[in-house]
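S.K.: can you look at this prediction? I've put the sequence above it.
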2 protein chains.
Amino acid sequence: MTATKNALYAQSGGVTAVINASACGVIETARAHPDRIGKVYAGRNGIIGALTEDLIDTGSESAEEIALLRSTPSGAFGSCRYKLKSVDANRREYERLIEVFRAHDIGYFFYNGGGDSADTCFKVSQLSESMGFPIQAIHVPKTVDNDLPITDCCPGFGSVAKYVAVSALEASFDVRSMAKTSTKVFVLEVMGRHAGWIAAAGGLIEDHGIPVVVLFPEVPFDQQKFIARVDALVQQHGYCTVVVSEGCHHPDGTFLAEQGSKDAFGHAQLGGAAPVVAGMVKQALGHKFHWAVADYLQRAARHIASKTDVQQAYELGAAAVRLALDGHNAVMPTIDRTSDEPYVYRIGMAKLADVANVEKFMPRDFITADGFRITEACKRYLRPLIRGEDYPAYRDGMPVFATLANNAVARRLPAFELR
Amino acid sequence: MTATKNALYAQSGGVTAVINASACGVIETARAHPDRIGKVYAGRNGIIGALTEDLIDTGSESAEEIALLRSTPSGAFGSCRYKLKSVDANRREYERLIEVFRAHDIGYFFYNGGGDSADTCFKVSQLSESMGFPIQAIHVPKTVDNDLPITDCCPGFGSVAKYVAVSALEASFDVRSMAKTSTKVFVLEVMGRHAGWIAAAGGLIEDHGIPVVVLFPEVPFDQQKFIARVDALVQQHGYCTVVVSEGCHHPDGTFLAEQGSKDAFGHAQLGGAAPVVAGMVKQALGHKFHWAVADYLQRAARHIASKTDVQQAYELGAAAVRLALDGHNAVMPTIDRTSDEPYVYRIGMAKLADVANVEKFMPRDFITADGFRITEACKRYLRPLIRGEDYPAYRDGMPVFATLANNAVARRLPAFELR
């Protein structure tokens, strides 16, 4: 007979259109096992809530509200960009986590995030051995950047990919209508600091007859070749669309546009590559242009989420709980694809030691030799990930999203100051 | 017994998510009256196609393809920004139009556009009297800017309003999740050169608990008051969202951001108010920010079109044909609202003489006294316009849009050079 332990769920890093679907999968699956999992707590604003003992009791939310998380974008419990240092460098924080876990009888830790967070989750998973406290830490993958290793894809990516492909197609139809006397080049800037997965989704519109140039972070920007490519497409089609990754950079490594500020992980905060690229086209070719920067709109766009993505986000949340119940620690459930068409995948498992701090870039054979398009192999990869629609309910023209009560759990420990 | 005449339909100015729904209404209704209307031609790239005798025979499109126009964004026949001068200033162009009308037995002219186009349509409507050629010219309203007079609203607006309201809500949920340690202010730039209707739609998210500041073109920008407002909201809620119209300007009339180039109508081409506003916040308050510029994405976003808007776009196209069959000239069908809730409207009729070159701004009582929010009266106006969803069909994750054959009608006249 196994003892009942409480669980702590926390969201980390940039949120997505479907991270709450994973939360829904975790909570609903945990609720189905009351013999093993007692309370499901959530960290308010992610790991910060765990450190400051600012816990949310998800048990006070109705089944209906929890179900509504599946169609609610953003992080319902708050997220944060806060990276734990190594145990040696900041033993104080890990000791505090153990205190909080112990005070609230937490035996399961579900951390929902990307690469940096997988590293944090891995460190927490090692507390059993390094600090003698029994905890099972399971990472639930989440990142629009799709740059986690081992898993075939990451929840959050399919929906942003669908948003980018659909939006780029719609805007391209617009430009095609106007090109005779007006805008000839439309530039859409999308996310993706180091990996070009999101930009690649823009390349899918080629199959709908749209002349498109994709600028990947994996391909150093060659201004002369780029202008020549745009010139050729506009001459042939009368217009073209450019999808540029925010991480697109010059051969010397400097980004096309940096805003100068850095986030808590020390990454440069990007934005503004689109106007830079549009300006280059205007100067070299004289074409009238328009540009858009999708920014948060793309990763929050639950209204056009991919059904595949929503389903996988939920399944991976549920799978994380099952892995914990099966006794695993320091692991992450994964999407293991076995067939492109028909699309078949199964839920697998990766060791966090193999996941943490590894970034998965676009394979070179997903980008055409000229560096401006995606290959058929890439399209085969992307198509199933954007397939299917999963619309939220609407009331009075607006989507119905969950806003949880997020009731606090009574504190049992002295305050803790973040440094 | 009335003689059968052919019809010419042309799209003008910036296209929208639903202008093709109006085209669908025109063509399907005309097809239902073969005793009165023979061929329906379309101008390739709008009025330029009429002038250069570059006509499209819509009769070669199947009923299925025409029906698909209802869910296809952009201008299926091409649009243009080309404003006809007065008859006195450019008699040559009007004489050419009459030659083309006569050569192709065109008795009905349906022009689908905004304020500038209503002016052109009005001039064409006067050809009967001024140049002795019998033509019935009917304007079909279309503009995302919602700035035409008399009609309660303009097709295209409801869908962009829905896009802006939904996108701003989603992104605000995102910011709310992240605000504890990351982004505290999100700035979304939307269209609207002189009228703040589109920005106003962003104000609807207030009813969903979001602290939002709207910057209208109708309210001269007051930087000090704006910063104070953002400061207060962030202190109270931890974050806030700013929706800024591209037409927002300083008290001296200069726009917050101008790109320096002008369109064919002589209007300054705008873009980049969002980064300017975000920079102000950063400098004054130090908050981490994100910004997005929706640009064409907003007006092309058929995937999140308003059902009310799609329906009205179709109805006004159909009504234009009925007005022509009833013998009218120089008129425009309108939306006449008789009740907010339940929303009731009927199709009315306005004289083009009263429509051309009149811009409808936001009434002062739609904007709160502080200039940063919308009033309950404005919300009552907006709510029915964004109500209902009208999703396109999808195949393999991507929307199914019409791409017409656009077969050319054989030319009967010598070439004509645009000057």
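M.R.: Noted; the coordinates are in hand.

S.K.: can you list the domains in chain A?
M.R.: For chain A, automatic domain parsing gives the domain ranges A:5-143+A:305-357+A:390-399, A:157-302.

S.K.: can you list these in JSON lines and add distance to chain B?
M.R.: Just so you know, the C-beta spots here come from the backbone N, C-alpha and C atoms, and that holds for glycine as well. As requested, these are arranged in JSON lines below (distance: least, CB to the nearest CB, whole Å):
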{"stretch": "domain A:5-143+A:305-357+A:390-399", "distance to chain B": "4"}
{"stretch": "domain A:157-302", "distance to chain B": "4"}
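
S.K.: mind putting those domains into a markdown table with mean neighbour count and mean pLDDT?
M.R.: Shown next, in a markdown table, are the domains of chain A (neighbours: other CB atoms under 10 Å in any protein chain shown; pLDDT from 0 to 100):
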| stretch | mean neighbour count | mean pLDDT |
| --- | --- | --- |
| domain A:5-143+A:305-357+A:390-399 | 22 | 96 |
| domain A:157-302 | 22 | 92 |
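
S.K.: between these, which one is nearest to B:Val243?
M.R.: domain A:157-302 (12.1 Å; CB to CB).

S.K.: what about the strands in the stretch 1-150 of chain A?
M.R.: Shown for the stretch 1-150 of chain A, the strands assigned by DSSP state E, counting those that start in this stretch span residues A:5-11, A:37-43, A:55-57, A:106-113, A:136-141.

S.K.: ok, and the closest non-adjacent residue to the residue sitting nearest the centre point of chain A?
M.R.: The centroid of chain A falls nearest to A:Thr143 when counting by CA atoms, centre = their mean (2.0 Å). Spatially, and ignoring its direct neighbours in sequence, A:Thr143 is nearest to A:Gly114 (3.5 Å; CB to CB, 6 or more residues apart in numbering or on different chains).

S.K.: same question for A:Asp147.
M.R.: Nearest to A:Asp147 is A:Ala195, by CB to CB, 6+ apart, at 4.3 Å.

S.K.: now do the SS call for that neighbour.
M.R.: coil (DSSP: H, G, I helix; E, B strand; the rest coil).

S.K.: so it sits against A:Pro363, correct?
M.R.: No - the criterion here is CB atoms under 8 Å, and A:Ala195 misses it with A:Pro363 at 10.7 Å.

S.K.: next up, the contacts around A:Val144.
M.R.: By CB atoms under 8 Å, 6 or more residues apart in numbering or on different chains, A:Val144 lies in contact with A:14, A:16, A:154, A:156-157, A:159-160, A:191, A:198, A:298-299.

S.K.: re the thing from before, now the residue nearest to A:Asp147. Its backbone dihedrals?
M.R.: Main-chain torsions, A:Ala195, degrees, to the nearest 10: phi -110, psi 140.

S.K.: residue contacts, it?
M.R.: Neighbour list for A:Ala195: A:145-147, A:217-218, A:247, A:359-362 [criterion: CB under 8 Å, 6+ apart].

S.K.: change it to 10 Å
M.R.: A:Ala195 sits next to A:143, A:145-148, A:157, A:216-218, A:245, A:247, A:359-362 when contact means CB atoms under 10 Å, 6 or more residues apart in numbering or on different chains.

S.K.: repeat that for A:His237.
M.R.: If a contact means CB under 10 Å, 6+ apart, then A:His237 has A:176, A:179, A:184, A:209-211 as its contacts.

S.K.: over to A:Gly38?
M.R.: Counted by CB under 10 Å, 6+ apart, A:Gly38 has contacts A:3-7, A:30, A:59, A:104-108.

S.K.: closest to B:Phe77 out of those?
M.R.: Using CB to CB, the contacts of A:Gly38 come closest to B:Phe77 at A:Ala30, 56.1 Å.

S.K.: still on that earlier bit, tell me the phi and psi of the residue nearest to A:Thr143?
M.R.: Backbone torsions of A:Gly114, given as degrees, to the nearest 10, read phi -100, psi -150.

S.K.: hang on, it packs against A:Pro149?
M.R.: No - counting by CB atoms under 10 Å, A:Gly114 sits too far from A:Pro149 to count as a contact (11.5 Å).

S.K.: give me the common contacts of those two.
M.R.: A:Glu359.

S.K.: hmm, back to that, widest-spaced pair of the contacts of A:His237?
M.R.: Farthest pair in the contacts of A:His237 (CB to CB) is A:Lys184 and A:Gly209. Separation: 16.4 Å.

S.K.: which parts of chain A are helices?
M.R.: Counting by DSSP state H, chain A has helices at residues A:19-31, A:47-51, A:63-68, A:91-103, A:115-125, A:127-131, A:157-178, A:197-202, A:223-237, A:273-285, A:296-300, A:307-325, A:352-355, A:376-382.

S.K.: the last one packs against which elements?
M.R.: When contacts are defined as 3 or more CB pairs under 10 Å, 6 or more residues apart in numbering or on different chains; DSSP states H and E, helix A:376-382 packs onto helix A:157-178, helix A:197-202.

S.K.: ok, which of the ones you listed comes nearest A:Leu233?
M.R.: Of all those, it is helix A:157-178 that lies closest to A:Leu233, at 11.5 Å by CB to CB.
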